[in-house]
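Engineer: 3D model of this:
(2 chains)
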Protein chains: 2
Amino acid sequence: MSSQPAHPTLLVPGPIEFDDAVLQSMSHYSESHVSAGFAATFGETLSMLRQLFQATDPAAQPFVISGSGTLGWDLVAANLVEPGENALVLSTGYFGDAFADCLRVYGANVTKLDGPVGGRPQLPEIERALAEKKYKVLTVTHVDTSTGVLSEIKGLAAAVKKVSPETLVIVDGVCSVACEEIAFDAWGLDGVITAGQKAIGCPAGLSISMFSGRAMRALESRKKEPAAYFASMKRWLPIMQNYEAKKPSYFATPSPQLIHALNTALKQILERPLSERFQKHIEVSDKVKKAVGDLGLKIVATKPEDQSHAMTAIYLPDKVAIPDILPKLLSKGIIFAGGLHKEIGTKYIRFGHMGVSALDPKRDDIDRALEALQAALAECGYQKP
Amino acid sequence: MSSQPAHPTLLVPGPIEFDDAVLQSMSHYSESHVSAGFAATFGETLSMLRQLFQATDPAAQPFVISGSGTLGWDLVAANLVEPGENALVLSTGYFGDAFADCLRVYGANVTKLDGPVGGRPQLPEIERALAEKKYKVLTVTHVDTSTGVLSEIKGLAAAVKKVSPETLVIVDGVCSVACEEIAFDAWGLDGVITAGQKAIGCPAGLSISMFSGRAMRALESRKKEPAAYFASMKRWLPIMQNYEAKKPSYFATPSPQLIHALNTALKQILERPLSERFQKHIEVSDKVKKAVGDLGLKIVATKPEDQSHAMTAIYLPDKVAIPDILPKLLSKGIIFAGGLHKEIGTKYIRFGHMGVSALDPKRDDIDRALEALQAALAECGYQKP
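Structural biologist: Below is the predicted model of the structure:
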C-alpha cells in the first residue's frame, strides 16, 4: 500500500504520480550544499544520469540545475548558439514553437519546419533545409507534450550527420527521457534537455541535461561569452565536474531535497534494464491506444509511428467538451489534461502514462483510467459507433 | 520531538534547519500544476509574500520561480536594466561582487562601490556617485552571506530618493528576508530578491522576489525586449497575476511540492507579528556576538551597526585553521561554514542563526553551537585571553 494519502490519480503528461520512496526523499533533513555527504549524493546522481542517457563517452557532460524544464531551452539558446547563427527547429506542437521563441530571444536566426497537426516534418524536407545553409544547431522535440507526436531521433541524427555534419543535434526530451529510448552516444546526439517530473518520476524543480563533448567544445570556442548568468553552462561546468568527483563546489545553491529525490528515482530506474522500461511503456501505450480506438475515438498523432509511448492525445467526440468531461473523470478519481495546441486546443484531452502508473504492478492506474474514460464519455451522452 | 531522523544541526548561513511540517509538505502527493487546488495554494502563497515583504501597494508584484536565489540577479539584470544603462552596485562581499558580474553579463554599465573588508560603502560616497551620472538601478546586498555585513536600507533608500529619485532601489535580500526588517512600501523599495532556504525556512529551489509598481512600469516601457527567456519577468508576469487570482496559468512548470513547503513556511511566519520575529533574531544574534566576544574572538563585520542578525562571521584565532575546527564542531553535532571572501576566506567561519534554530523554544541549537564552539577551540589548543 502506498503511504500517500488518498488522492485522485494524476495522469496528465507531467507531473506524474510519484513513488513513495521518491516523495519521502523530498523530506530529507537539511544538509549543507557543500557538505561531503551531499556532494557524494549529487555526484552519484550525475553519474547515474550518464547511464540513463546511455552516454558512455566521458566527454559528455550532465547538468542538473534548479529550474523548470524550460530552463533547458535557455541553456541551449544562450550557450550553444551565438547571435546571428542559424538554428533549424523541427516543431510538432506548442513546445517546438516555444523552443524557437527561446532561441530567437538569444539572437539565433531561426528557421522552423512545422509538421502538419498530428504529424512531423519529414526527412527530405529537413535534408533540403540543411543543405541550403549552415545551421549551428538543429532542435527537435522528441515527444511534444501538447500533441503526443513522437519524433524519430536515430534516423534524424544520422541524416544530419550525412548532410550537415557540423550541425549540433539537440533533443528536447522533457516528455521522453526515461520512457522513450534515447541512446545518446550511439545515435550521435549533442544535447538532450529534460526535467524531473515526467518519466524520470521526480517532483518538478530540476532542469536535467546532457551535452556531448562536441557541444562542450562549441561552448568553449564561442566568440562571445554566453549572454546569460544563471543559465551559463560555462559557470555551471566546473561545479558539475567537481560534484561528480564528489567535491563540493559553489555557483548557486542547489536543492538538496530535490537532488535526493532524483537520486532515489534514478536508483529505482537503473535497478532494471532500460530496454525493459522502454518496452513496458510501449506495451502500456499500445493498450491505451487500442482502447481509445475501440471507443471509436481518434488520436491527435495521426500515424502509429508518430505516436509517443509517454502519453496519448485523444480527440473528443463532436458533442463532448473539455469542461464537461474533465470534471466527470475527476469524480471517478482520474485527472487528465486539456488540449494545448493553438489550432485544436479545445478539441482533445491528454492522458499521460509514464513512470509508476505504467510500470508498478501494484498499481491499476491505467485500467482505472480507461474505465473512467469510457464511463465519463457515456455520461456525456457519447455512444461508441 | 522532531519527526526528523537524528542529524547534525545545520547552522550555516543557509540552507537552515527546517520545521517538521515544512519538510512534510515537500512530500505532498502529486498534483497538476494547473489544477484548481494547486492554483489556490500558489495564489495564497503569493498573497502571503506581500505580507512578509510589507508590500501593501497592489501595484507591487511578487514572483516565485523554480531556481536558485541567484536567478533573482538575472531577473533584475535582464529585465530592469537595458544594455548600456548604468547600475551602481554597493558591495559588502562575495555576493555584491557576483551581482555586479551578473549585471555586466546582461550589458549594464556597472560602477561598484566596495566597502572595506567587514564594512560597507558610506552614504556620502554613495550620494556623490549618484550625483555624477544617471543610474537606472542601485543594488545593495542587505546581508552579504560571505561576510555577515548588514547594510542599512531605510536610510539608503531615502538618500537615493533625495539625490536620484528615478533610480530603482534593488535589495538582495537572500540572507535577510524574514529575519531582518524589510518594509517594502514604507521604505520605497523597488525590488527585493531572495530565496527560500534561508530565514524563510523552505528547502532550496525557489527564487522569490517582490518588485514595485515603478519597477513593473520600467519593465513595461523597455525599449528592447528582455534578453532572457526563462528569466523574463514579462513572460512570468501574467502567470503570477493569474495564480494570485487562483486561476491556473502556464509558462513553465512550477514545483508543487516546493510551493506547498513555502506555503507552510509562510503560514508559520505570519502566525505571529513580524516585529516579534525580527526582534527575536536580534536577541539571538546579540547573544551569539556577546559569546564570541567573551571567547576573545573578533567578528568580520567590524562595527556593531554593520553586523547582521542572520549570521555571524567569526575570525579564527591565529593558530586555528578551518580544516581543524569544522570537523571538531561536526563531531559535536554542529555544522558551521568556512569563509567565502577573496581576501580573508581562510581566516574565518560562518555561523547562521536564522529561522527555527533562533525561534523555536523547543530547540537548543544556539546554546549547543556556542558550547561546541568553545570546546572545539579548546581542542584546537586555543585559550581565551
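Engineer: is stretch A:194-210 anywhere near chain B?
Structural biologist: Yes - shown here: stretch A:194-210 in contact with chain B (C-beta under 8 Å from any C-beta of the partner chain) through A:195, A:197, A:203-205. All C-beta atoms are positioned from the backbone trio N, CA, C, and that covers glycine.
Engineer: greatest separation within these: which pair is it?
Structural biologist: For those, the farthest-apart pair by C-beta to C-beta is A:Ala195 and A:Pro203; their separation is 10.3 Å.
Engineer: dump the residue contacts of A:Asp144.
Structural biologist: A:91-96, A:151, A:175 (C-beta atoms under 8 Å, 6 or more residues apart in numbering or on different chains).
Engineer: nearest to B:Glu44, of those?
Structural biologist: A:Tyr94 (28.5 Å).
Engineer: what about the residue lying closest to the closest one once chain neighbours are set aside, which SS state?
Structural biologist: Take A:Tyr94 and drop its neighbours on the chain: the residue closest to it by C-beta to C-beta, 6 or more residues apart in numbering or on different chains is A:Ser146, 3.6 Å away. In three-state terms, and counting by DSSP: H, G, I helix; E, B strand; the rest coil, A:Ser146 is coil.
Engineer: contacts only, for A:Ser146.
Structural biologist: The contact partners of A:Ser146, by C-beta under 8 Å, 6+ apart, come to A:93-95, A:313, A:339-341.
Engineer: returning to what we had before: now, the contacts of A:Asp144 that are in strands?
Structural biologist: The strands, defined by DSSP state E, take in A:Ser91 from the contacts of A:Asp144.
Engineer: and A:Phe230, that one's in a strand?
Structural biologist: No - A:Phe230 sits outside any strand when classified using three-state DSSP, being coil.
Engineer: quick one: it and B:Gly69 touch, right?
Structural biologist: No - A:Phe230 is beyond contact range of B:Gly69, at 9.7 Å (criterion: C-beta atoms under 8 Å).
Engineer: need the overlap of contacts for those two.
Structural biologist: A:Ala252.
Engineer: what score does A:Met1 have for pLDDT?
Structural biologist: For A:Met1, the pLDDT comes out at 53.
Engineer: so A:Ala157 touches A:Val169, yeah?
Structural biologist: Yes - between A:Ala157 and A:Val169 there is a contact under C-beta under 8 Å: 4.9 Å.
Engineer: overlap in contacts of the two?
Structural biologist: By C-beta under 8 Å, 6+ apart, the residues touching both A:Ala157 and A:Val169 are A:188-189.
Engineer: neighbour-wise, which of these two wins?
Structural biologist: Between A:Ala157 and A:Val169, A:Val169 has the larger neighbour count (other C-beta atoms under 10 Å in any protein chain shown), namely 25 against 20.
Engineer: please enumerate residues in contact with whichever strand or helix holds that one?
Structural biologist: Assigned by DSSP states H and E, A:Val169 falls within strand A:168-172. Strand A:168-172 is contacted by residues A:72-73, A:76, A:80, A:95-96, A:99, A:136-142, A:153, A:156-157, A:160, A:182, A:188-194, A:212, A:214-215, A:218 when judged by C-beta under 8 Å, 6+ apart.
Engineer: quick one: buried ones out of those residues?
Structural biologist: Those of the contacts of strand A:168-172 that meet the buried threshold are A:72-73, A:76, A:80, A:95-96, A:99, A:136-142, A:153, A:156-157, A:160, A:182, A:188-194, A:212, A:214-215, A:218, by 16 or more other C-beta atoms under 10 Å in any protein chain shown.
Engineer: now intersect those residues with the strands, please.
Structural biologist: Judged by DSSP E, the subset of these located in strands is A:137-141, A:191-194.
Engineer: quick one: which of A:Phe230 and B:Gly69 has more around it?
Structural biologist: Between A:Phe230 and B:Gly69, A:Phe230 has the larger neighbour count (other C-beta under 10 Å), namely 31 against 28.
Engineer: ramachandran angles for the more buried one?
Structural biologist: Dihedral angles of A:Phe230 (phi, psi; degrees, to the nearest 10) stand at phi -60, psi -30.
Engineer: what does A:Lys112 give?
Structural biologist: Backbone torsions for A:Lys112, taken as degrees, to the nearest 10, come to phi -120, psi 130.
Engineer: cool, and A:Val105?
Structural biologist: With angles defined as degrees, to the nearest 10, A:Val105 sits at phi -60, psi -40.
Engineer: would you confirm that it contacts B:Ala231?
Structural biologist: No - A:Val105 is beyond contact range of B:Ala231, at 10.1 Å (criterion: C-beta under 8 Å).
Engineer: of the two, which one has the most company?
Structural biologist: Legend: neighbour count by other C-beta under 10 Å for A:Val105 and B:Ala231, higher for B:Ala231 (30 against 22).
Engineer: not counting residues beside it along the chain, what's closest to that one?
Structural biologist: Nearest residue to B:Ala231 in three dimensions, chain neighbours excluded: B:Asp74, at 4.1 Å (C-beta to C-beta, 6+ apart).
Engineer: how close does the one you found sit to B:Val169?
Structural biologist: B:Asp74 sits 19 Å away from B:Val169, going by C-beta to C-beta, to the nearest Å.
Engineer: just A:Pro13 next, same as before
Structural biologist: Counting by C-beta to C-beta, the gap from A:Pro13 to B:Val169 is 43 Å.
Engineer: what sits against the residue nearest the centre of chain A?
Structural biologist: Closest residue to the average C-alpha location of chain A: A:Val174 at 1.4 Å, with C-alpha atoms, centre = their mean. Counting by C-beta under 8 Å, 6+ apart, A:Val174 touches A:14, A:69, A:72, A:95, A:143, A:145, A:193-195, A:198.
Engineer: could you redo the last one with a cut-off of 10 Å?
Structural biologist: Counting by C-beta atoms under 10 Å, 6 or more residues apart in numbering or on different chains, A:Val174 touches A:13-14, A:68-70, A:72-73, A:95, A:141-145, A:192-199, A:207-208, A:310, B:253.
Engineer: in chain A, mark out all the helices, start to finish.
Structural biologist: A:20-25, A:36-52, A:71-79, A:94-105, A:123-132, A:153-163, A:213-220, A:233-244, A:256-270, A:274-294, A:322-331, A:356-359, A:365-379 (DSSP state H).
Engineer: who wins for proximity to B:Leu123 among these?
Structural biologist: helix A:233-244 (33.3 Å).
Engineer: that closest one - contacts with which helices or strands?
Structural biologist: Judged by 3 or more C-beta pairs under 10 Å, 6 or more residues apart in numbering or on different chains; DSSP states H and E, helix A:233-244 is in contact with helix A:36-52, strand A:61-66, helix A:71-79, strand A:206-211, helix A:213-220, helix B:94-105.
Engineer: relative to A:Ser357, which of those is closest?
Structural biologist: Per C-beta to C-beta, nearest to A:Ser357 of the helices and strands packed on helix A:233-244: helix A:36-52, 19.0 Å.
Engineer: that closest one - what's its average pLDDT?
Structural biologist: The pLDDT scores in helix A:36-52 average 98.
Engineer: pull out the buried residues from stretch A:342-359.
Structural biologist: A:344, A:347-359.
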